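>>> Sequence first, predicted model second:
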Amino acid sequence: MSSLTVTLILFSLLLLLLFLNVPLVVSIGLPTALIMLGSGMKVATLAQRTYASVDSFTLMAIPFFMLAGKLMEVGGMSKRIVRLADCLVGWMAGGLAHVIVVASAFFGALSGSAAATTAAIGSTLIPEMKKRGYPADFVAGIQAVAGALGVIIPPSITMIMYGVCSSTSIGKLFMAGIVPGIVLALFLMVTIAYQAKKRKISQMNTFTFKELGTAFLDAIPALLVPTIILGGIYGGIFTPTEAGAVAATYGFLAGAFWYKEINLQNIGNIMGGAIVNTVLVMIVVGASGAFSWLLTSAGVSSLLGKAISAIAGNKYIFLLVANLIFIFIGMFIESVAGILIVTPILLPIATSLGVDPVHFGIIMVVNLALGLTTPPVGENQYIAAAIAEIPFEEEVKASIPFLIAGFVALAVITYVEPLSLWLPGILGM
């Protein structure tokens with residue numbers, strides 16, 4: 001089959017299956033298998049390419065960070081982070097709404113997962129805010145978008161996938177994500193202040209140094225996690241994969257012996273949750289890897305690359321086109337799969353136009369993070385709506401102002417390159 005035929009069949013089937021709400025792994029894997037078998041390839045080739053996609057030492061970081069996130073969620077760290085964030089920003093107009101953003105940023109530095117951040121912070125704050133009279137749709141809408149910080153603030157499972165796929169330094173990507181994450185958080189907080197005034201939501205807390213000091217001391221074990229992870233990586237003490245193991249070990253020790261909230265009764269649920277999340281991600285990685293290999297081997301990547309190059313004649317137009325592609329992909333496909341499918345097509349064009357691979361990676365990660373809050377897939381939206389006990393459609397409507405703020409922040413991150421490269425640059429990375 002020609003590259004054009006493969007392209008049409010592959011993407012038509014993919015979009016059709018996604019439209020029919022078929023599970024993502026089937027939507028990606030079935031067209032891949034049909035094209036491979038229809039082209040005369042053996043079933044063994046599909047199995048080999050799927051296995052090769054997950055046969056990576058670096059990808060071992062994923063189960064470790066999944067486990068670390070569950071340990072920190074159940075082990076009491078999320079509650080201490082929420083309390084500290086409340087003391088820091090709970091006195092501002094909008095009160096606990098700002099706490100959602102700051103706590104999500106802090107927890108993102110512990111878990112590396114948007115879903116884990118949304119679930120951990122949302123399950124703590126959304127019910128409490130409803131009790132205090134905050135509109136349920138308002139708080140759920142904020143949490144859904146703020147959960148995106150979980151994959152932008154390092155460590156980040158999505159950044160690990162991009163690093164593996166593009167052969168880019170994961171440590172450099174981690175450091176490059178800090179400032180863009182802060183930018184997104186600030187845009188969300190400005191929007192919260194405006195929406196709080198519009199909805200006549202006033203602050204309910206007062207700031208005191210005593211409360212802040214107490215909350216800070218109680219949260220020190222949690223705050224040490226990003227310091228240990230990033231410090232160990234940049235200090236050359238351990239690799240990003242080993243950092244995941246260190247984070248999981250530290251999360252267990254802190255939760256079991258310091259906060260004393262991990263015990264024999266909940267350790268099974270923690271392990272089970274981490275295993276299920278890991279399997280779900282790795283199945284998608286395997287299917288997406290085979291899909292990506294087929295794109296390359298059949299010449300589809302080259303064909304699409306030429307078409308995009310013809311449309312986007314310079315760096316700035318290309319970044320606009322790339323963002324539109326990422327946003328569309330993120331609406332239907334989970335971020336890990338999006339990275340594996342799109343990177344081989346767009347990264348060569350980006351580098352040929354002078355876009356730094358690290359900056360391009362951050363643009364892609366922020367896009368796909370926002371995609372987790374964008375229907376119809378919108379994993380964060382479903383989680384937040386379920387916690388708030390409101391209809392999905394109602395939650396999505398309330399999240400629109402915060403999604404707009406997120407996309408404005410994305411535009412700033414895209415075209416102000418130093419936001420991504422400044423921190424790695426001053427550290428000599």
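Okay, I see it.
>>> what about the helices in the stretch 151-300 of the chain?
157-166, 170-176, 178-198, 209-234, 240-253, 267-297, 300-311 (DSSP state H, counting those that start in this stretch).
>>> export those to JSON lines and tack on distance to A109 and mean pLDDT?
C-beta here means a position set from N, CA and C on the backbone, and glycine is covered the same way. JSON lines is the format used below for the helices of the stretch 151-300 of the chain (distance: least, C-beta to C-beta, whole Å; pLDDT from 0 to 100):
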{"stretch": "helix 157-166", "distance to A109": "13", "mean pLDDT": "89"}
{"stretch": "helix 170-176", "distance to A109": "10", "mean pLDDT": "91"}
{"stretch": "helix 178-198", "distance to A109": "9", "mean pLDDT": "91"}
{"stretch": "helix 209-234", "distance to A109": "4", "mean pLDDT": "85"}
{"stretch": "helix 240-253", "distance to A109": "10", "mean pLDDT": "88"}
{"stretch": "helix 267-297", "distance to A109": "18", "mean pLDDT": "87"}
{"stretch": "helix 300-311", "distance to A109": "34", "mean pLDDT": "80"}
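>>> CSV for the ones you listed, including distance to Y382 and mean neighbour count?
Supplementary listing: these in CSV, determined by distance: least, C-beta to C-beta, whole Å; neighbours: other C-beta atoms under 10 Å:
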stretch, distance to Y382, mean neighbour count
helix 157-166, 18, 26
helix 170-176, 28, 25
helix 178-198, 20, 20
helix 209-234, 27, 16
helix 240-253, 26, 21
helix 267-297, 14, 19
helix 300-311, 31, 16
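>>> out of these, which comes closest to E128?
Among those, helix 209-234 comes nearest to E128, with 15.4 Å by C-beta to C-beta.
>>> Does anything pack onto the closest one? Which helices or strands?
Applying 3 or more C-beta pairs under 8 Å, 6 or more residues apart in numbering; DSSP states H and E, we find helix 209-234 packed against helix 61-74, helix 77-89, helix 96-111, helix 170-176, helix 240-253.
>>> I'd like to know which of those is closest to L419.
Among those, the nearest to L419 by C-beta to C-beta is helix 170-176 (8.8 Å).
>>> and that closest one, C-alpha only, in CSV?
This file holds the C-alpha atoms of helix 170-176, laid out as CSV (Å, rounded to 0.1, in the frame of the first residue of the first chain):
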residue,chain,number,x,y,z
ILE,A,170,14.7,14.1,30.8
GLY,A,171,16.5,16.1,33.6
LYS,A,172,16.6,19.1,31.3
LEU,A,173,12.9,18.7,30.5
PHE,A,174,12.1,18.5,34.2
MET,A,175,13.8,21.8,34.9
ALA,A,176,12.3,23.5,31.8
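>>> Within the helices and strands, which one has L340?
Take DSSP states H and E as the rule and L340 turns out to sit in helix 335-352.
>>> relative to helix 157-166, how tilted is that helix?
Using axes from the mean of the first three to the mean of the last three C-alpha atoms, to 10 degrees, the direction of helix 335-352 lies 50 degrees away from that of helix 157-166.
>>> in helix 335-352, what counts as buried?
335-347, 349-350 (16 or more other C-beta atoms under 10 Å).
>>> lowest-pLDDT helix or strand in the chain?
helix 300-311 (a mean of 80; mean pLDDT, DSSP states H and E).
>>> related to what we said a few turns ago, would you turn the helices of the stretch 151-300 of the chain into a markdown table with distance to E73?
Output for the helices of the stretch 151-300 of the chain, formatted as a markdown table (distance: least, C-beta to C-beta, whole Å):
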| stretch | distance to E73 |
| --- | --- |
| helix 157-166 | 15 |
| helix 170-176 | 21 |
| helix 178-198 | 19 |
| helix 209-234 | 11 |
| helix 240-253 | 9 |
| helix 267-297 | 8 |
| helix 300-311 | 38 |
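>>> what about the stretch 51-200 of the chain, any weak spots by pLDDT?
In the predicted model, the stretch 51-200 of the chain carries pLDDT under 70 at residues 93.
>>> quick one on the thing from earlier: now distance to W293 too, for the helices and strands packed on helix 209-234, in a markdown table please.
Listed next are these as a markdown table, based on distance: least, C-beta to C-beta, whole Å:
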| stretch | distance to W293 |
| --- | --- |
| helix 61-74 | 20 |
| helix 77-89 | 38 |
| helix 96-111 | 30 |
| helix 170-176 | 22 |
| helix 240-253 | 23 |
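>>> for the ones you listed, which one sits closest to I220?
Closest among the helices and strands packed on helix 209-234, using C-beta to C-beta: helix 77-89, at 8.7 Å.
>>> what's the angle between that closest one and helix 178-198?
Using the same axes, to 10 degrees: helix 77-89 against helix 178-198 is 60 degrees.
>>> Helix 77-89 - contacts with which helices or strands?
By 3+ C-beta pairs under 8 Å, 6+ apart, helix 77-89 packs against helix 96-111, helix 114-131, helix 209-234.
>>> Using PDB, list the CA coordinates for it.
The C-alpha trace of helix 77-89 is given here as PDB (Å, rounded to 0.1, in the frame of the first residue of the first chain):
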ATOM      1  CA  MET A  77       1.100  14.300  52.100                       C
ATOM      2  CA  SER A  78      -1.700  15.700  50.000                       C
ATOM      3  CA  LYS A  79      -3.600  16.900  53.200                       C
ATOM      4  CA  ARG A  80      -0.500  18.700  54.400                       C
ATOM      5  CA  ILE A  81       0.100  20.300  51.000                       C
ATOM      6  CA  VAL A  82      -3.500  21.500  51.000                       C
ATOM      7  CA  ARG A  83      -3.200  23.000  54.500                       C
ATOM      8  CA  LEU A  84       0.100  24.800  53.600                       C
ATOM      9  CA  ALA A  85      -1.500  26.200  50.400                       C
ATOM     10  CA  ASP A  86      -4.500  27.300  52.400                       C
ATOM     11  CA  CYS A  87      -2.200  29.300  54.700                       C
ATOM     12  CA  LEU A  88      -0.400  30.800  51.700                       C
ATOM     13  CA  VAL A  89      -3.200  31.900  49.500                       C
END
